[in-house]
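Enquirer: sequence first, predicted coordinates after that:
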Number of protein chains: 2
Amino acid sequence: MKLTEAEWQIMKALWAKHPATAREVMDRLPAGVKWAYTTIKTMLTRLVEKQAVSEAKQGNISVYDPLISQRGARLSAFRSLLETAFDGAMGPLVHFLVEEEQLTPKQKQELARLAQSQAQPKGERP
Amino acid sequence: MKLTEAEWQIMKALWAKHPATAREVMDRLPAGVKWAYTTIKTMLTRLVEKQAVSEAKQGNISVYDPLISQRGARLSAFRSLLETAFDGAMGPLVHFLVEEEQLTPKQKQELARLAQSQAQPKGERP
DNA sequence: GCCATACTACTACATATGTAGAAGCCGTTC
DNA sequence: GAACGGCTTCTACATATGTAGTAGTATGGC
């Protein structure tokens, strides 16, 4: 499920609160995003077509719900980046991440800590 | 410098060997990619317009060179993903990376190792 | 009952992206 | 010197994406 930039904005608003009406989505868009109400409707309609969002009518009002999770969306966005920009392999990305800046020392530490705890699970969990 | 999927293919071929003619680029595209020669030319022209690639004439033949590095392209693709899908923060991405699968245990170990070596620089640098 | 709202469906349109054909120019080969 | 093959520039066109207007319809307030 590949989302476009604009679709991400809508989805984020929906994930933040759902089910939600188009108007509610509108109210939750980041301050910078100033779209016409009908633009939001268009995006929502497209997302419904894509089956990223469900639409239910309450009376004549549409109420939307995400059908894909943020995690799922992140996963596919991430995989897509990995494919096109990093030869589809984690190796180059890990290298890039750690070597080529990006991380503050603190984040590096956290990363190291997390990675380690994952790499060597002591009392593993079912 | 935002590259599209197709443009990435071209750039990868160019990074692999450059300067290169359109035909050389064509020969270096991944096996799966079967584009008409003129398609490659179109992509190259667009990349030149975008200033991602330079074009020099040798006689009547165009020879292309990347103007942006793979590293640079990766960086901006990465940042773009971070922006749209991970709230622009490394935190969520690091969490995602480590928690939400993706890494083999081996990679996690490597990541931990790399991250640690970076996180605790002994003779630090200004 | 009538009006102002708010909502919906449909249509529109510019720009971006993927993909390629057509036509013309030039050097190599008989 | 005519034909062939390769290169170039232009043009084309479908689909995707971003963004929104218009017109019709239902609803709550007075």
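Expert: Looks like it arrived, so ask away.
Enquirer: quick check: which element contains the residue of chain A found nearest DNA strand C?
Expert: Among all residues of chain A, residue A:62 sits closest to DNA strand C, at 3.2 Å; criterion: C-beta to the nearest atom of the strand. Heads up, the C-betas are built off the backbone N, CA and C, glycines and all. Using DSSP states H and E, residue A:62 sits in strand A:61-66.
Enquirer: give me the mean pLDDT for that strand.
Expert: Strand A:61-66 carries an average pLDDT of 97.
Enquirer: buried sites along it?
Expert: A:62, A:63, A:64, A:66 (16 or more other C-beta atoms under 10 Å in any protein chain shown).
Enquirer: near DNA strand D at all, that strand?
Expert: No: Strand A:61-66 does not reach DNA strand D (C-beta under 7 Å from any atom of the strand); its nearest approach is 8.3 Å.
Enquirer: break down chain A into its strands, ranges please.
Expert: In chain A, the strands defined using DSSP state E lie at A:53-58, A:61-66.
Enquirer: show me which of the buried residues of strand A:61-66 is closest to DNA strand D.
Expert: Distances from DNA strand D to those, taken by C-beta to the nearest atom of the strand, are shortest for residue A:62, at 11.7 Å.
Enquirer: can you tell me if the strand holding residue A:62 touches chain B.
Expert: No: for strand A:61-66, no contact with chain B is found by C-beta under 8 Å from any C-beta of the partner chain; the gap never falls below 14.4 Å.
Enquirer: helices or strands up against that strand?
Expert: Where contact means 3 or more C-beta pairs under 8 Å, 6 or more residues apart in numbering or on different chains; DSSP states H and E, strand A:61-66 is packed against helix A:5-16, helix A:22-28, helix A:37-49, strand A:53-58.
Enquirer: and the longest one, what does it pack against?
Expert: The reference is to helix A:37-49. helix A:5-16, helix A:22-28, strand A:53-58, strand A:61-66.
Enquirer: got a list of what the residue of chain A closest to DNA strand C touches?
Expert: Contacts for residue A:62 (C-beta atoms under 8 Å, 6 or more residues apart in numbering or on different chains) come out as A:21, A:22, A:44, A:55, A:56.
Enquirer: rerun at 6 Å
Expert: residue A:55 (C-beta atoms under 6 Å, 6 or more residues apart in numbering or on different chains).
Enquirer: beta partners of it?
Expert: residue A:57 (DSSP bridges).
Enquirer: which parts of chain A sit against DNA strand C?
Expert: Residues of chain A lying near DNA strand C by C-beta under 7 Å from any atom of the strand: A:21, A:22, A:23, A:37, A:38, A:41, A:42, A:45, A:60, A:61, A:62.
Enquirer: how about these, which pair is most distant?
Expert: Using C-beta to C-beta, the pair of these lying farthest apart is A:42 and A:60, separated by 18.1 Å.
Enquirer: please say which of these two ends up with more neighbours.
Expert: residue A:42 (15 against 5; other C-beta atoms under 10 Å in any protein chain shown).
Enquirer: right, I'll leave it there.
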